[in-house]
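>>> Prediction below, plus the sequence it came from.
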Amino acid sequence: MQIHDSNKKIAVIGAGVAGLTAAYLLSKKFNVVLFEKNHYCGGHANTVTIPHGADAGTPVDTGFIVFNKQNYPTFLALLKTLDVAYKPSDMSFSYFSKNPYFMYSSDVPRGLFGLKRHWISPRFYHLISEILRFNKQASLDIETNATLPETLGEYLTHHRFSEKLIQCYVIPMGAAIWSASFDETMAMPAYTFLHFWRNHGLLQTLNRPSWYTIEGGSRTYVNAIKQKLNSISVNNAAKRIFRYDNGVKIVTEDNQECFCDYVVIATHANEALALLDAPSADESRLLGQWSYSQNHTVFHTDPAQLPPRKQCWASWNYLQDSHDADAPVSVSYLMNRLQGINSKTPYIVTLNPQTDIPDPYIIRTFNYTHPCFNTASIATQKELPSLNNKNHTFFCGSYFKYGFHEDAAWAGAEVAKHFGIYL
């Protein structure tokens, strides 16, 4: 059932991309009030301006960075309606381990053979052959709709892939993509992992998708949406949501009350559940399965967070410095390559640095959270849309799909469809 009464007032809780998309679309027809607990809108779309030096004033993204045309249709449609420009990006991957000492990058041949011994190493050529075998096997299993083991770890064991492939390629790549630990990546459902890789061209060596980044940083699209909204309340977290027969009441941290006809909860799933004064059995059952990883993030200029050989520097740089399989992933994004920053100074965003970064190198620090995808949480996704348009409440967020910017934008746009509004 669609809602068409334009006199309705709608509260949107959370100004990440899901909330921004929902608020932008709903504001075309309704009175929308947007609440955000942080001091800024955007969530992971968080652009920082370099504060000093030769590159002062340059915008650099620290969370959401890149997208492609094949897998981001909703987000691209959003950029088009906002008239936001974007430019090509560079996507490459490196792996570096201190003990044992090993590194390579996906730049061929310079980075792939960043260690000269790789040219004559049978073990390294075996790793390359294993990568090709993994790509071929995974593609075949998807194309034939083969019955897959439940988890990625079981899948890799079932096909007898080498420890080298697991430790130095599949799990590091997956962990970097989902900001997950080694164990969390191994526990991901094989179906979800393999289909995501296939859809994003990661199972092919040629004709991979072209990637793009937003001109001026992701704040460009965030600011474009903010200009369309009449009521935005930042630094003002919702504390509790009460639902009644005729609407909802939002109580904020400073004990202010806002009465609305509907509420769109565009927070993480666990936060959404905690906000509800009286969650339904289905809300508790479905939202309660989701947990989130905390990732300490540093925007800095310390090249020690990159591989020690510069020819192995890539856009995404995975560091294996801990043998704790449950340790948070450590990955550094080289923003010079990702956003085309022409500077001798390396601008780097590192998730969970495993060694201290000296203070003079640090520009900003953040804590970003990412949904944990496991068998129990993913099993809820088929039913999550059924929670919407009940009890004056709607939910949206990246947890509805794969956890990425496109998924959050899609979920926000899906909410707007209940009100007869389409992107």
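Looks like it arrived, so ask away. Numbers count the residues shown, from 1 in each chain.

>>> Quick one: low-confidence residue ranges for the chain.
Where the chain drops to pLDDT under 70, the residues are 1, 4.

>>> What are the structural domain limits within this structure?
9-45+218-290+376-417, 87-213+292-371 (automatic domain parsing).

>>> and these, which is most packed in?
When the domains of the chain are scored by mean count of other Cβ atoms under 10 Å, the highest mean neighbour count falls to domain 9-45+218-290+376-417 (a mean of 20). Just so you know, the C-beta spots here come from the backbone N, C-alpha and C atoms, and that holds for glycine as well.

>>> now the end-to-end length of that one.
Taking Cα to Cα, to the nearest Å, domain 9-45+218-290+376-417 runs 16 Å from one end to the other.

>>> and the residue of the chain most remote from its centre, what does it touch?
Here the chain reaches farthest from its C-alpha mean at Ile120, the gap being 38.1 Å by Cα atoms, centre = their mean. By Cβ atoms under 8 Å, 6 or more residues apart in numbering, Ile120 lies in contact with nothing.

>>> Give me the phi and psi for it.
phi -120, psi 20 (degrees, to the nearest 10).

>>> ditto for the one 5 residues further on
Here is the backbone geometry of Tyr125 (degrees, to the nearest 10): phi -70, psi -30.

>>> Tell me the spacing between it and Phe161.
16 Å (Cβ to Cβ, to the nearest Å).

>>> Kindly report the same for Asp90.
From Asp90 to Phe161 the distance is 28 Å (Cβ to Cβ).

>>> do Leu387 as well
38 Å.

>>> Then Leu273?
38 Å.

>>> all helices for this structure, in order.
17-26, 73-82, 122-143, 152-158, 163-165, 171-178, 182-186, 190-199, 219-226, 269-275, 281-287, 335-338, 375-378, 405-417 (DSSP state H).

>>> out of the ones you listed, nearest to Thr213?
helix 335-338 (6.2 Å; Cβ to Cβ).

>>> Need the domains of the chain in JSON lines (columns: distance to Phe75).
Shown next, in JSON lines, are those (distance: least, Cβ to Cβ, whole Å):
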{"stretch": "domain 9-45+218-290+376-417", "distance to Phe75": "5"}
{"stretch": "domain 87-213+292-371", "distance to Phe75": "10"}
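
>>> To Val66, which of these lies closest?
Among the domains of the chain, if distance is taken as Cβ to Cβ, the winner is domain 87-213+292-371, at 4.7 Å.

>>> Start and end of the closest one, how far apart?
First residue to last in domain 87-213+292-371 (Cα to Cα) measures 28 Å.

>>> Then stretch 385-398?
13 Å.

>>> With stretch 101-121 instead?
So stretch 101-121: terminal residues 14 Å apart, Cα to Cα.

>>> ok, now stretch 391-401?
23 Å.

>>> Over to stretch 303-318?
Using Cα to Cα, the two ends of stretch 303-318 sit 14 Å apart.

>>> and what of stretch 173-185?
End to end - Cα to Cα - stretch 173-185 spans 10 Å.

>>> List of residues touching it?
93, 152, 171, 188, 193, 196, 202, 293, 295, 316, 318, 325-329, 331, 351, 368, 370, 372-374, 403.

>>> Repeat the analysis, applying 7 Å as the threshold.
Around stretch 173-185, the neighbours that count as contacts under Cβ atoms under 7 Å, 6 or more residues apart in numbering are 93, 152, 171, 188, 193, 293, 295, 316, 318, 325-329, 331, 351, 370, 372-373, 403.

>>> Just the ones of the residues you listed in strands?
Here DSSP state E is the test, and the contacts of stretch 173-185 give Phe93, Ser293, Asn295, Trp316, Tyr318, Val331, Leu351, His370 as lying in strands.

>>> Pick out the most distant pair among the residues you listed.
Phe93 and Ser293 (20.2 Å).

>>> Ala85 contacts Glu215, correct?
Yes: between Ala85 and Glu215 a contact is recorded at 4.3 Å, counting by Cβ atoms under 7 Å.

>>> Compare those two (neighbour count), which wins?
The neighbour comparison of Ala85 against Glu215 (other Cβ atoms under 10 Å) goes to Glu215, with 14 against 11.

>>> Might one say that that one is in contact with Lys87?
Yes: in this structure, Glu215 is within contact of Lys87 by Cβ under 7 Å, at 5.6 Å.

>>> Tell me the bridge partners for the residue nearest to Ser179 when sequence neighbours are not counted.
Once flanking residues are discounted, Ser179 sits nearest to His370: 4.3 Å by Cβ to Cβ, 6 or more residues apart in numbering. Listed by DSSP bridges, the beta-bridge partners for His370 are Ser293.

>>> so who does His370 touch?
His370 neighbours (Cβ under 7 Å, 6+ apart): Trp178, Ser179, Tyr292, Ser293, Asn295, Gly403.
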